[in-house]
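Student: coordinates for the following, if possible.
(chains A and B)
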Amino acid sequence: MTEFKPQQLDKKWQQAWTSAKAFEVDVDPSRQKFYCLEMFAYPSGYAHVGHVRNYIIGDIMARTKRMRGYNVLHPFGWDAFGLPAENAAIKSGTHPETSTLDNIAHMKGQLQRLGISYAWDREIATCQPEYYKFNQWIFLRMFERGLAYRRRSTVNWCPVDETVLANEQVIDGACWRCGTTVVARELEQWFFRITAYADELLKGLETLTAWPEKVVVMQRNWIGRSEGARIKFPVAGGGDPIEIFTTRIDTIYGATFVLLAPEHPMVDRFAVESPDSKAFRDKVAKFRALDRESRLTGAIEKEGFDTGRKAINPFTREDVPIWIANFVLAEYGTGAIMAVPAHDERDFEFARKYDLPIRIVVQAGPDTPSAESMTEATTNYGRMVNSGEWNGQEAPAVITKMIADAEKRGIGMGEVQYRLKDWGISRQRYWGTPIPVIYCDRDGVVAVPDKDLPVELPKVTTLTGRGDSPLAQVPEFVNVKCPKCGGPARRETDTMDTFVDSSWYFLRFADPHNKELPFDPVPAAYWMPVDFYSGGVEHAILHLLYSRFVTRVLRDVGLVNFDEPFKRLLTQGMVLKNGAVMSKSKGNVVDPDDMREKYGADALRLYVMFVAPPEKEVEWSDAGLEGSFRFLVRVWRIVDHWCETIGGEGMPACSDDCTGAERSLRRKTHDTIRRVTTDIEERMHLNTGVSSLMELVNELYAFSDTTEHGAPTRGEPPVGRVERQQTIAVLKEAIDALVVMISPFAPHMAEELWQMLGHPEALTKTSWPSYDPAVAKADEVVVPVQVNGKVRARVTAPADASEDQMRELALADASIRNHTTGRTIVKVVVAKGPLVSVVVR
RNA sequence: GCGAAAGUGGCGGAAUUGGCAGACGCGCCGGACUUAGGAUCCGGUAGCCGAAAGGCUAUGGGGGUUCGAGUCCCCCCUUUCGCACCA
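Tutor: Numbering: from 1, shown residues only, chains lettered A, B, ... in the order given. This next block holds a predicted model:
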């Protein structure tokens, strides 16, 4: 009897794997590859069980696929740039690089102690010049293609902290740090033209059949494609016409006024031309401020005012008033809309408030409400009325015709609008990738030549969090010679959004040490795309959309030969403690190191997989962890009990000469192989995979009870011995399979047991057991028999019984006869399952 | 407000294609072993009626389709998540 000492086994086998380089891999075109990836980590300093759940999920997949014969790439890295490290530096004075590298070292240790099977030779950290050099390289390729460009844009600005805030850092319109109301500020910003790929990103979603539907829908909505028309409304009194965007040109005869966003360029002209331009301007200014706040805080009362000007509806040729409204968005469409109060809820609300005319032009139902009596807009498609020559036609068919008509008359055109906007990547921050651009008075915006990459981040020692970009305060960094003319020039001092770093790191893993290119196309073509990607659903849009975009850009650059980087996606649920997400500030963190010290890495791994399916949120339970530990001890004990008798090489294989109990154990073994394999590989239901293994263990205990020495008990258990060769063979088959299949979950224990069973080769080199359907097939089946939908009896039938045989057996059963005598049998259904259903009257 | 997902024992959860509801685990109850048991092994455990055999009721609520519904359809309730004036 040997004792299960998980802490010792953890160390022993982790060292063995490292020195054997068990998880390092190379390109091997003769073998099928499998790229298993978990979203890399922000090095916050410690990983709690919520984080490591994701890594364990990936590790189950990686370890299983390895034993299933695949050449498995399973790398890990660090999303090492970012605000928290910089903010910590402002507070504590520790340089972000120091704290980041310390954090990485600690977290790496945590993951290694959990036995996650990473190819650590491929580890990357985005804050290393060797990595971010290629952020810059990719930026330059995008710059060359016009996909990286500069323009003024409005940002969130905190006037007290004197810095730009990301949208997520604005809480109810105020700065998250000091509570000051955020103001809009115009800044020159770099953008990536993701909108150029909008249609492609949308279409590509259709190919992502192994992604959660939810994520696909979120991306689709985020891209927000809508087809419509751009229509010109001439302004009475001359000048440029107002262009509006609409998806409902079929309602244009009901457009009784036009609305402009407060930021619309024409507003300033109207203000100048207004009789009281000061009052006009004041009202606009109020709206502009209000509008910004409304978008940050949510809903706000619709307000507007009449400009006093008129536009001409190009279809009705009527004069319609032009108003300015706070709910019209400047950044969507043309920043101007035609208002159709009868058929748009928002326009209806606005028209009622300001007593503007309402005209019904679509008859959606049999009732015809009057404009005066209607209480809400009717937004459905329907038959057109009050629409001149178009009367009687119906949307959506008529929409194409009307757009064609508008095009013919030169007053408009069909147009597609997206909700998706270009990706602003400038950050007025220190801890990120410098944007590789130089500004020269003579040559303007000049790209840093490839040979000068990387533009290294200088070591700034005093970070205050105030003022503009910290890099602007480093003269040695800022002042350079223009690469074109050699004259004095200035470097760009903004850094890149860290989402740039994470939008291609999965490609770098294919070739992580390349000094010339982000990666060589050949290994990338072998390893990519990622076959299995898991991570938090919070990245459903940003990271995953950016990655899909950058992958396509690199395809157009010629580095990759596919469109979609992630074949299968799993969004794992969070681990809660006391009903809340774990966080340092809440003090409800479960530290994997504590759990591991108490129960060992395997029990923790097993518990986290057993408690619920990976997608689901779970509540942490110490008792549950204890239960998983007990199960491992139970496995240990039964294997230990038998290993002397069944272990070693050259043992006989199972034959057909089985007793009933042996048959039944073999059946269970093979059925378990089938279930566990599909649970892991196909369904990713790791919890039911574990429960199948538990059933097999229960069966092994029961089987052991039938042998002369009984099941193992604590104290002085007898070593399990049997004489019969077939019993030994059947036990060996079951126990070997059990140990291999439990190894993804409990790799340290499994390796030790495998060794105790006398196998000379490490488990990491072993093949997954194969499933024999003939063995798993039962000799006889229990057939439930229903009478009028209720199970009244169970009859035993041969496994290959015909429908007729089953029907006869069912009707002959005594208790079924009790339910059928004196009644008429209307129908007997024999269903697959099998199951017999009798209908009586 | 709109959209999506979910709701199953005391608890976490199973039920793969419309076919035996509650696998597996936690907890609880009992037995064995024991000086002892908070260890281990074995057994029981949805609720109600019944001595038992057996029966009845049960997958948020109400209807429906079907020989048969946790699963499909309609209405309602609750929870969670996403979007939130995108014209």
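Student: burial count for residue A:485?
Tutor: Residues within reach of residue A:485, counting by other C-beta atoms under 10 Å, total 13. The C-beta positions use only the backbone N, C-alpha and C, and glycine is treated the same way.
Student: and what of residue A:774?
Tutor: Counted with other C-beta under 10 Å, residue A:774 comes out at 7.
Student: mind exporting the strand or helix carrying residue A:793 as PDB, just the C-alpha atoms?
Tutor: Using DSSP states H and E, residue A:793 maps to strand A:790-798. This file holds the C-alpha atoms of strand A:790-798, laid out as PDB (Å, rounded to 0.1, in the frame of the first residue of the first chain):
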ATOM      1  CA  LYS A 790     -46.900   5.700 -18.200                       C
ATOM      2  CA  VAL A 791     -44.100   3.200 -17.600                       C
ATOM      3  CA  ARG A 792     -45.800   0.100 -16.200                       C
ATOM      4  CA  ALA A 793     -43.100  -2.500 -16.600                       C
ATOM      5  CA  ARG A 794     -39.600  -3.300 -17.800                       C
ATOM      6  CA  VAL A 795     -39.000  -6.400 -19.900                       C
ATOM      7  CA  THR A 796     -35.700  -7.900 -20.800                       C
ATOM      8  CA  ALA A 797     -35.100  -8.500 -24.500                       C
ATOM      9  CA  PRO A 798     -32.100  -9.800 -26.500                       C
END
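Student: just checking, what packs against that strand?
Tutor: Applying 3 or more C-beta pairs under 8 Å, 6 or more residues apart in numbering; DSSP states H and E, one finds that strand A:790-798 makes contact with strand A:780-787, helix A:803-812, helix A:814-820.
Student: quick one: mean pLDDT for that strand?
Tutor: Averaged over strand A:790-798, pLDDT sits at 87.
Student: just stretch A:457-477 next, same as before
Tutor: 82.
Student: can you list contacts of it?
Tutor: A:86-87, A:89-90, A:95-97, A:129, A:132, A:161-163, A:428-434, A:478, A:491, A:493-495 (C-beta atoms under 8 Å, 6 or more residues apart in numbering).
Student: select only the buried ones of those residues in PyMOL?
Tutor: Command for PyMOL that selects the buried part of those, burial taken from 16 or more other C-beta atoms under 10 Å:
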select buried, chain A and resi 86+87+89+95+96+97+132+161+163+428+429+430+431+432+433+434+478+491+493+494+495
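Student: keep only those of the contacts of stretch A:457-477 that are also close to RNA strand B.
Tutor: Contacts with RNA strand B within the contacts of stretch A:457-477, counted by C-beta under 7 Å from any atom of the strand: none were found.
Student: narrow the contacts of stretch A:457-477 to those in strands?
Tutor: The strands, defined by DSSP state E, take in A:163, A:491, A:495 from the contacts of stretch A:457-477.
Student: what is the lowest-pLDDT residue among those residues?
Tutor: Taking the ones in strands among the contacts of stretch A:457-477 together, the minimum pLDDT is found at residue A:163 (73).
Student: ok, and the closest non-adjacent residue to that residue?
Tutor: Of all residues not flanking residue A:163 in the chain, residue A:428 sits nearest, at 6.1 Å (C-beta to C-beta, 6 or more residues apart in numbering).
Student: just the mean pLDDT for stretch A:659-675, thanks.
Tutor: Stretch A:659-675 comes out with an average pLDDT of 92.
Student: and for stretch A:428-443?
Tutor: 94.
Student: any idea how far apart the tips of it sit?
Tutor: 24 Å (C-alpha to C-alpha, to the nearest Å).
Student: centroid residue for chain A?
Tutor: Closest to where the C-alpha atoms of chain A average out (C-alpha atoms, centre = their mean) is residue A:540, at 3.9 Å.
Student: what does the stretch 351-500 of chain A have sitting close to RNA strand B?
Tutor: A:417, A:419.
Student: all helices for the stretch 351-500 of chain A, in order.
Tutor: With DSSP state H, counting those that start in this stretch as the criterion, the stretch 351-500 of chain A has helices at A:397-408, A:475-478, A:498-502.
Student: pick the most buried one from those.
Tutor: Neighbour counts (mean count of other C-beta atoms under 10 Å) averaged over each of the helices of the stretch 351-500 of chain A peak at helix A:498-502, with a mean of 23.
Student: tally up the residues packed near residue A:558, please.
Tutor: For residue A:558, using other C-beta under 10 Å, the count is 9.
Student: pretty sure it contacts residue A:521?
Tutor: Yes: if you go by C-beta atoms under 8 Å, residue A:558 and residue A:521 touch, sitting 7.5 Å apart.
Student: toward the C-terminus, what is the element adjacent to the least confident helix or strand in chain A by mean pLDDT?
Tutor: In chain A, the helix or strand scored least confidently by mean pLDDT, DSSP states H and E is strand A:170-171, which has a mean of 64. Next helix or strand after strand A:170-171 toward the C-terminus (DSSP H and E): strand A:174-175.
Student: what helices or strands is that next one leaning on?
Tutor: Of the remaining helices and strands, none touches strand A:174-175 by 3+ C-beta pairs under 8 Å, 6+ apart.
Student: who's in contact with it?
Tutor: A:158, A:160, A:161, A:165, A:169, A:180, A:181, A:182.
Student: let me see the mean pLDDT of it.
Tutor: Strand A:174-175 shows an average pLDDT of 71 in the prediction.
Student: break down the stretch 601-750 of chain A into its strands, ranges please.
Tutor: Secondary structure of the stretch 601-750 of chain A (DSSP state E, counting those that start in this stretch): strands at A:618-619.
Student: for the residue of it found nearest RNA strand B, which non-adjacent residue is spatially closest?
Tutor: Using C-beta to the nearest atom of the strand, the closest approach of the stretch 601-750 of chain A to RNA strand B is made by residue A:627 at 2.7 Å. Closest residue in space to residue A:627, ignoring its immediate chain neighbours: residue A:607 at 7.5 Å, by C-beta to C-beta, 6+ apart.
Student: one more: residue A:706?
Tutor: Once flanking residues are discounted, residue A:706 sits nearest to residue A:661: 5.3 Å by C-beta to C-beta, 6+ apart.
Student: who in the stretch 701-841 of chain A is up against RNA strand B?
Tutor: So the stretch 701-841 of chain A meets RNA strand B at A:701-702, A:705, A:711-715, A:782, A:784, A:786, A:788-792, A:794, A:815, A:827, A:829, A:831-833, A:835, A:837, A:839 (C-beta under 7 Å from any atom of the strand).
Student: off-centre distance for the strand holding residue A:793?
Tutor: Centroid separation for strand A:790-798 versus its chain: 47 Å, with C-alpha atoms, centre = their mean, to the nearest Å.
Student: how about stretch A:211-231?
Tutor: Remark: stretch A:211-231 is offset 16 Å from the chain centroid, using C-alpha atoms, centre = their mean.
Student: please save the CA atoms from it in CSV.
Tutor: Output of stretch A:211-231 as CSV, limited to C-alpha atoms (Å, rounded to 0.1, in the frame of the first residue of the first chain):
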residue,chain,number,x,y,z
TRP,A,211,-18.5,29.7,-32.2
PRO,A,212,-21.2,30.3,-29.6
GLU,A,213,-24.1,31.8,-31.4
LYS,A,214,-24.2,34.6,-28.8
VAL,A,215,-20.8,35.9,-29.8
VAL,A,216,-21.6,35.8,-33.5
VAL,A,217,-24.8,37.8,-32.8
MET,A,218,-23.0,40.3,-30.7
GLN,A,219,-20.4,40.9,-33.5
ARG,A,220,-23.1,41.1,-36.1
ASN,A,221,-24.9,43.8,-34.1
TRP,A,222,-21.7,45.6,-33.4
ILE,A,223,-20.9,45.9,-37.1
GLY,A,224,-24.5,46.9,-37.5
ARG,A,225,-24.8,46.9,-41.3
SER,A,226,-27.9,48.6,-42.6
GLU,A,227,-29.0,49.1,-46.2
GLY,A,228,-30.7,52.3,-47.2
ALA,A,229,-30.4,55.4,-49.2
ARG,A,230,-28.7,58.8,-49.0
ILE,A,231,-31.2,61.4,-50.2
